[in-house]
Every structure is written in structure tokens, then in C-alpha cells.
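> output the structure for:
(chains A and B)
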Amino acid sequence: MDGIRIPPILKSHAGVLAAGTVLRLALFITAPALCDVLQRRPELSTPLTSFRSLKEGVFIYERDTNPYEGGVFYHSPLHLAFFTYLVPISSSLLTVFLWAAGDILGSLGLVNIWSQRRRTMGGQTDRSAIVTALYLFNPYTLLTCLARSTTALDNALLIHAISSAASGKPGRLLSATVLLAISTHTSFYPILLLPAFAIIFSQLRPLTSSTTSAAVTVSGFALSSVGLAGLAYGLAGDAWVAQTFGTIINVWDLTPNVGMWWYFFTEMFDHFRSFFLGVFQLHHLIYVAPLCLRLSDDPLVSMLVMVGVISTWKSYPALGDMALWAGLLSCFPEIVSNLRHPLFTLTVHLYTSILLPLLHSLWLLTGTGNANFFYAATMVYGLNASLAVVDVLGAGLRLQVKRETTKALSLLDDVAGREPDFKVIDEIWDKKGWSVVQFTGQLE
Amino acid sequence: MLLSSLRLLLLTPILSAAGATSRLPTHRTASTTEQDAFYESLTLRPLPDGRLSVLFEFTTYFGSPASSSSSSISSPIPQSHHSLTPPALLLPLEQNNVSELTISFSTGWDQARTGISGSGHYETSGGGGEVRGWLYENQDDQDVSSGRTVEDRWGAVTHALGGLFCAGLGPTEAGENVRTFGENYPPVRGDTDNITHFLLSHPEAQLCTENLTPFLSLLPSKGQSGLSALLAQPGIIFAWASQAEGIEVIMPTASHHGRWQGWWEGIVDLRTLNGKGSGKRDFSIEKIFRKSVPRPFPEAGGSVIRLISDGAVVAEPSGSREVEERIDGILETVLEWDVLDERTLIGSDIAFRWDEDRFRHPRTITPPGLTTSRTIIDRLASDGTLRIAISNNDEIDREAVYSEIWPWWVKGWMSEVEVEVDDAKRPDLLESVSYNPSIPPRVSTTTTHFQLRLPAKSTVVLKIPFTKLTIKYTEHRPDAERGVELSSGVLTLLDLDVDQDSKGERSHRHDGDDEHVMSRSRSRNPLKSGRRRIYTNRILLDVPTPDFSMPYNVIIMSSTVMAVFFGLMQGSLTRKWGWVQIQPGADSTEAGAGAEAKDNGSLKEYGGVVVGSE
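You can find the predicted model right below:
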């Protein structure tokens, strides 16, 4: 099965990066019609991230009117200012380069995360080309970039926040918290990653005490958030709070997307609306503490699971959020190798990628179907993503059992002080015929 | 007569009230003593496609209905005196401090078939119902202290009149009021200090029989005598094709008379009057109304039947007067029969004939100076583009403002608005845009005003892309699959050369001088038209609907997915994880049985399987 021989240059990290860049620029420049079609796809951009809305907002803002005081504009004031003053949104060439650069930077951040994992998880072969390729050539990433959805830029920001935290250097604390604050400001839900950030920095040895460093992380985040809010206030008064965070929390805009919220709250009885809003929002929050506690030995894995929960259950998800999660997942090869049903997840993703546009067009483009069609597709997508998150969590816990058992039973007489390669552990366990299972009994 | 004797009785309190209020100017006292005056007219206008426009207009001039609006509110006993004016109409207006109010119902106007830009009465709005008016800002201490805002008063007056017209005219929510159309509908009095404009558009409203009875009851003649007797025949009136009804009330001030005018217009197909196959369009008053010319209403100051001649029509008996009048900027010959002067007409008939064997529908109908059309292009159910084509058929450039009202869930993309002439983009023609977006998710309206230059002899196409936002299932109207009407667009002309005072008062024969006979130097001058606004058609918009039978199912299914996810997460996080050994080569079904015991400090026995647990 080696009919196509990939030239070695394309297998190198630099080669993959170059290929990803060239592919993006080529598609942007040669197929602008495709990009225009993608811009309108509800699967790729929600009203909170769509390029069309951003353009409209900048158009209004440039005419000295505050777009938050009426109408439908939910982007962060930072986006508004950035695309008014720094990268004029009307210049298609600059935006093309910006979005291509966003993906490239995101992939570089992922490579950073992975190399850091390699250091802690033991020697593995160089996977930077694979990590980059999995991110840059993931259709979800590519299409989100071509649709110029701001999800692509938010993803790059969040990846760099995580990569700063994963670097294990106390000096990166500031950049990690500031990036997380920016990311929270633009897409709100990353705030749920703050506890995992605090745990990472509190586990770094050189700092004085774990409590102090956690407090420093949280206060750094709070200060930069206040700073960003102040900047936003200077740019657009205070109307933006209700229009950006308010919309994310209250789900005022019910434009269809791939998430579970829009149809639920379209059909919801008015007197139950607040109750279910609370249920849906708190549903994210309840996983934070258990995940951080259960996976406290590896907070990056808890962060990975949390990103999965957010990208599945956030109020305005898009396929780009799944791209972020898939990209992060590629930095954790030891988890991927412990997944129970990766093939099932992948094929259902393929299935929904056909189902979603098909049923959407039946309902909203040709007008022949009704809302239930698209809802059914989002249900399949959501259920699949949910099961994948559970699978990843299970894989993380299996890995935990394997590593600890291996250590406890001294199955490896390897050099002490160095984490064993996950492949070696997996081989030993396979040879012994051992497998990790989940029991019905509760934790003691 | 009953009414005249009533007036005598009521005159005394008016005088005493006026005398008591010393701050009233003296000429005001004189004007209140002056007789209220009532004029009625019936205007017939043959249309080029073989139909006839029939327009009834009833105008009443009145002094202050009470001694003065402020004193009547502060006085413990409200004092209102009406002779020709209907209290049901004027009391709500007076109590809510209304300056001017217009209500209009219309089924729309076909510009292409009639060759006329709009309905015979200039104040008729586009399709559906519309209430608009000017209210005084809160000045009375009482309004401020009782917490009634100007918005509350507007709601009160529209609800009161909605009851009167058997139609829901009031706003269901305050956000439906449009407050940015003041420039489109400038006050007749011309002074915009301390007054606020409100507009409520009900494009879905239909004109029906229930509107005729209250309309007639507002008239002093009540449909019993005068020209209103011709109108009081729902069986005939509602067989006509398109209808328009409206009232316009201008409340009196210290220096001005009040005036209220009601109008009713219908389109009669003349060829069906003469029986099938005759092909002639000759008609007479009796043929149209199945009644002869009625006895005039005794209190009427004028009762005139008018014919806007198309040049070929011959009337028998011919009119007592022939005047020239500018209608839509065109100098038309108008034949008039004043029933008050010509008592011989009463009980007889007026016949109108064309010297033709049969009517031939013209191959082309000369379009009016300005025509508008509005369509939605794009076949998508969720998005669309409004395409508004405004044709200027005159030889001169025109200045106009095109305005739209959208419900909040229609989201226009202002950055993508395009102006085209002959498929070439002409952004220079769009001089300014005023965009007042709604504030979703609250019920509110979006209004846009585009100031356009319309080049001579060309069609300007305005394209406005929009998205239909998804709304909650409880916010949909009943029968949502039918769609929702969008209000007519309004093209307001900015360059008309008509002085403010004569606006809307062309049937004003009160002062005796006929100001409408203007210079005959040019028969057609588009700038001399009294029509300030041209309306586009209403448009029915498909809305993406949810499944209205699904709320329980959706809540149950979404909650199930969430519960499955939560359960699996909770299981993974709280349950014990361990390991089992499966003997190499053993069948997977025998995994439990084949497990081999292992002993270590941290290992425990679980049933028959020995497992490891940290």
C-alpha cells in the first residue's frame, strides 16, 4: 500500500508547515468563490464568530456608531478594534495572511505542547510533523480558516495560552495568564481552564509554595481581564458586555449551529427558559473540579478533556472548536493509543460532515425540510462528540492506571527518574495480557 | 334639523368657557363661535385599463372641541362640545395630547396598470394598516406626575382607535412603535417643536366590512344622506377590487382650526358593469351605486361630484364647472357637479360615455413619473436580498429618501447594500444612509432611510441583503408557515415644489379661492405634485419555522444526550479503575474465567477476578 510515495521533504516539520501555508494561500487566492460560500456556512461560523458579522460591525463602527447599541453584533470589542485599526477588514489580502498566519501559529503552539509532553512523558520519536499535519490538514481547521471565522484566531490564542502553561517555566506564567484572559475575553468559555492553569503553575517546583503560585495565576488572570475590559470600555462603552458575554450566557441569538442549544431554546417554554439556561451553563462548570482533582497528576490531560467538553457543549459551537480539540489531542499520542473507539468517532464525524450541510440545505436553503432535519444532524454530531470526550477521559484514566501500576510493580527496570515511553508500557501490558477496566464500585 | 338645534344648545357653554379662560387670544373666541363646516366630495377617475377609481372624501373643519385641551384635563368635569365632529374620534386624541393623527388601511396600489404612482388620496399609505401621528411631548404636570410617558399616551390613543375601527391598531409591545419616520411625514402645521412622531405599521391588516360601519358612524351624515349614502352599501363597496380607507385628524390649536378628513377609495371594473361581452365601459352613478344622486346632507358646506376627465369621456348632464387641477403634477381637467347648487340633480343620474364601440385594453400604459417595485431575490429560505427598483421616467433628476421598516428578526447587512443602474454599481447615487437597528431579542423594529439621487430616465436598483433570524417558537405568529408581511417601503420625495400649506388640502374649497388652478404653461411638472410619498408593494416573507409540535420531544431528546454524557463522565470520574489479566490465547468470552490470580501488596480480590487497583 505504498502507491503514493511522499517526498521526505514533506515529512519534515518545515515541509508540512510550508505545504499547509501554500494550500491555504492558494485556496484563498484561487477560489474566492469557495471562501465566500464557506463564510456563510453555519457549521463553520456562528453569529459570534462570523466574518460577515465582523465586517458589518466594523462598517458601522467606522461610521462613528457603536455597533453594540443595536442590531446583531456579538464580536468582542478587541476584534472590532483590531479589524478597524490594525488589519482593515476590507483588505482581503491582509485578512488572508492573518488567517493563514493564525493557523500556522496555532500549529507551532501545538508542536510546543507536544515537545513539552515528550519531555515529561519520556522519549518518543519526533512527531512535530505529524502534529502539524494533523492540525493544518484537518478539514475542520482548513475550512474554518477559509471561512475566516474568528474561531480560527481564538483557537491560536488558546493554543498558545496552553502551550505557555505547558512549558513548565514559571517565567511563562505571565504570558499564559494574559493569553488566557484574551481568549476568555473573545470567547468566554476558556475561563473554565483557569483552575487547570493554576494547578500547572502550582506544581512547578521552583516557586515558593503551591498556594502562592496558584494565587498569582488567578490574580494575573483577573488583572489582565480587568485590563482588557477597561480597554474594551474605552473602545465601545459598556454596551458590549450584554452583547458579547450576555449573548453567550443568555443565548439570545438562535441562529442554527452544530451545538445542542439553539433548537432547545427555540422550542423551550418561556417560563422554563431561565431554569434550563442555568442547567446548560452549569453543566460546563460541574466538570471543572472533578476533572482537576481526578487528573491532578497530569493537569494537561484535564485541560484536554475540558477543552473537549467546552467545544461540544458551549452555547455557540462550530466545527472550528472541534478542530482545536483534535489538534490538542494529537499532542497526546499516549491517550490516542488508549482510546476505545477512535474509528467509530472518526467515521461518525465523516458521517455528520455529510449530514450537517445536507440537512441544513434541505431546511434553510431549499426550504423543503423543516428544523427537525438539521436538529437531528446536530444531535448525531453532539452525541458523537460527547462520546469521544468520554473516551478521551477514559483513555486518560487508563493511562494513569497503567503508569502507576507499572511503577508500583516495577515492571520496568529502566533508568530511574525518567518517564518510560508510553509505547514501551503498552507493549509490556499487551504481552502480559493485562487490560485496564472500569469497575462498578465507587472510589474510596 | 336635529343637529343644528343641538349646536345652538351647545354654543353657550363654549362661549362661557372661552370667556373664563382669559389667556386665550381673542380671535380664538371668534373662531370657536364660527360654524363648524363639513364638505364632501366624490371623485371619479377613469383609469387607462378600463377601470374607475371612486374616491369619497369627507372633510370637517372644527374649532377646539373643548374650550382648550389643557383646561379640559385640569377641570374636574371634562367639557367637550361637538356639533359635526365625532366625540369617539376626538376625545381620545384630545385626552392624549395628540397634534395630528392619520389612520390608513389599504390593499395596495398597482402602479403599472393605472399609470398613477399611488392611491387617489395622497395620505393613503402602502398595503395593510398604518397609524401615524404627532404627539405633544409631556408638558402637563399631570402627565409627568402620573408617570404617563408620551409612548403610553400613543399606546392609549392607538388602542382606543383600534377599538373604534374593529382592528388591532395598537402596539402589542412598545418596541413596535417606529419613531424615525418624522421626516417622511412632516406635520401639517410645520412646527416640529415639542412634538414627537410615532408610526405603527400593520402590513398584515386587511380592510373589511367591519371598517365601513365605524367609518360611516364618524361622519355627521352617518351614511343616511349626502354622498355618504352612496358609500353606505357594503354589498356594493366590497365587491370593488382594491380598497383604501383612511382618516386624518389635525387637532385645533390656539391659532388654527382643526380639521378631520375621512376618505374611502375603491376601484370598479367598468366592463363588468355593462354585462358580459358588451365590452363597453360607459357608466353612470346609478350603474355604480344602484342609487341616484342623493339629497345633500343639510349641514354640508359643499357636496361635489367630480370627474377627472381622461379627455374622451362625455358626461350627461355635463358638469356645472370645469376646473383645472394639478394631480400628480399633471394639469388635469376636472368636471364638477355641486349638488347643493344644482338641486335638479337630486334623484336623477349622471351618465358618462366614451365614443367607442368597445374598450380596447391599451398595449402599453404610460407609466407615472416614478414607479417602484420591490422583490426578494435569492432562493434561500434563511437569507434573502431585497431588490428595490425605482424608475424615474421623467426628464429631470430627482431627490428622494427610500425608507424601510423591518421586524427585529430581519437583519439587514448595511455593509453589503448596493446601488445599481443598468447593472453597473453606482455608489455615488446613495447620498446618505440612516440605519436604526432593532435591539434583539426585544421586540423592536429596524428602520432604514436611504437618501438617493434618481437620475433622469433610468432605473435605480437598491439591493439590501438580509438574514432572517431564528425566533423562538412562542414568538411566531399563528400560521407561521404562511409567512409574514413586510411593510411597504416608502419613497419620500424631497424636491417637490409645493408650499407646505397646500399639502393634502387640494379638496379645500373652504376659502372660496381655487388655489389649484395653477399656471397652465406646462401640463406636466413632476415637481408640482402634491404626492410626497410613493409606496412599494407589501411583501410576504417566508420565515424558517421550527416544528411547533416538538417542544417536548426536543427538550426530552436534548436532555437525554446531556444526561448520557453526564452519566458517562460521572462514571469515569467516580468509579474505581483497575486491571484484569486475560490469559494470552484465551477467548474473549472467557476473559473473566481465564483471569489469573496475581498477588501483590496493592492488589485486592474482586469476585472471581483478581484485579489491580492503585
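> residue 38: neighbouring residues, count only.
Assuming you mean chain A. 22 (other C-beta atoms under 10 Å in any protein chain shown). Any C-beta I mention is one placed from the backbone N, CA and C, and that applies to glycine too.
> should've been chain B
Burial of residue B:38, expressed as a neighbour count using other C-beta under 10 Å, amounts to 25.
> how close does the residue of the stretch 1-150 of chain B found nearest chain A sit to residue B:161?
Across the stretch 1-150 of chain B, the shortest distance to chain A (C-beta to the nearest C-beta) belongs to residue B:149, at 20.2 Å. Using C-beta to C-beta, to the nearest Å, one obtains 19 Å as the distance from residue B:149 to residue B:161.
> for the chain, what's the longest helix?
Unless you meant another one, I'm taking chain A. Ranked by residue count, the top helix of chain A under DSSP state H comes out as helix A:371-408.
> was after chain B, sorry
Taking DSSP H as the criterion, chain B has its longest helix at helix B:551-574.
> which other residues reach that helix?
Residues from elsewhere that reach helix B:551-574 (C-beta atoms under 8 Å, 6 or more residues apart in numbering or on different chains): A:260, A:263-264, A:267-269, A:276, A:280, A:283, A:287, A:290-291, A:294, A:309, A:312-313, A:375, A:379, A:382-383, A:386-387, A:389-390, A:393-394, A:397, A:438, A:442-443, B:473.
> swap the cut-off to 6 Å and go again
Helix B:551-574 is contacted from outside by A:260, A:263-264, A:267, A:290, A:294, A:382-383, A:386, A:390, A:393-394, A:442-443, using C-beta atoms under 6 Å, 6 or more residues apart in numbering or on different chains.
> show me what the following helix or strand past that helix is packed against.
Tracing the chain past helix B:551-574, the next element assigned as helix or strand by DSSP states H and E is strand B:575-581. Identification of packing neighbours for strand B:575-581 by 3 or more C-beta pairs under 6 Å, 6 or more residues apart in numbering or on different chains; DSSP states H and E yields strand A:434-442, strand B:609-612.
> need the contacts of helix B:551-574 in a markdown table (columns: neighbour count and distance to chain B).
Converted to a markdown table, those look like this (neighbours: other C-beta atoms under 10 Å in any protein chain shown; distance: C-beta to the nearest C-beta, whole Å):
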| residue | neighbour count | distance to chain B |
| --- | --- | --- |
| A:260 | 30 | 5 |
| A:263 | 28 | 6 |
| A:264 | 23 | 5 |
| A:267 | 24 | 4 |
| A:290 | 15 | 5 |
| A:294 | 20 | 5 |
| A:382 | 22 | 6 |
| A:383 | 19 | 5 |
| A:386 | 22 | 4 |
| A:390 | 22 | 4 |
| A:393 | 27 | 5 |
| A:394 | 23 | 5 |
| A:442 | 9 | 6 |
| A:443 | 11 | 6 |
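> mind picking the two most distant members of those residues?
A:267 and A:443 (38.1 Å; C-beta to C-beta).
> residues of chain B that sit close to chain A?
When proximity is defined as C-beta under 6 Å from any C-beta of the partner chain, chain B approaches chain A at B:380-382, B:411, B:413, B:415, B:437, B:439, B:441, B:470, B:472-474, B:544, B:546-547, B:550-551, B:554, B:558, B:561, B:565, B:568, B:572-584, B:602, B:612, B:614.
> next, count neighbours for residue 250.
No chain was given, so I picked chain A. 16.
> chain B was what I was after
26.
> just checking, it touches residue B:188?
Yes: if you go by C-beta atoms under 6 Å, residue B:250 and residue B:188 touch, sitting 5.4 Å apart.
> could you chop chain B up by domain?
Under the assignment named as automatic domain parsing, the residue ranges that make up the domains of chain B are B:1-34, B:37-71+B:85-353, B:370-472+B:479-499+B:525-541, B:545-575, B:576-614.
> so which of those comes closest to residue A:79?
Smallest distance to residue A:79 across those (C-beta to C-beta): 15.2 Å, for domain B:370-472+B:479-499+B:525-541.
> pLDDT averaged over the closest one, what's the number?
When pLDDT is averaged over domain B:370-472+B:479-499+B:525-541, the result is 89.
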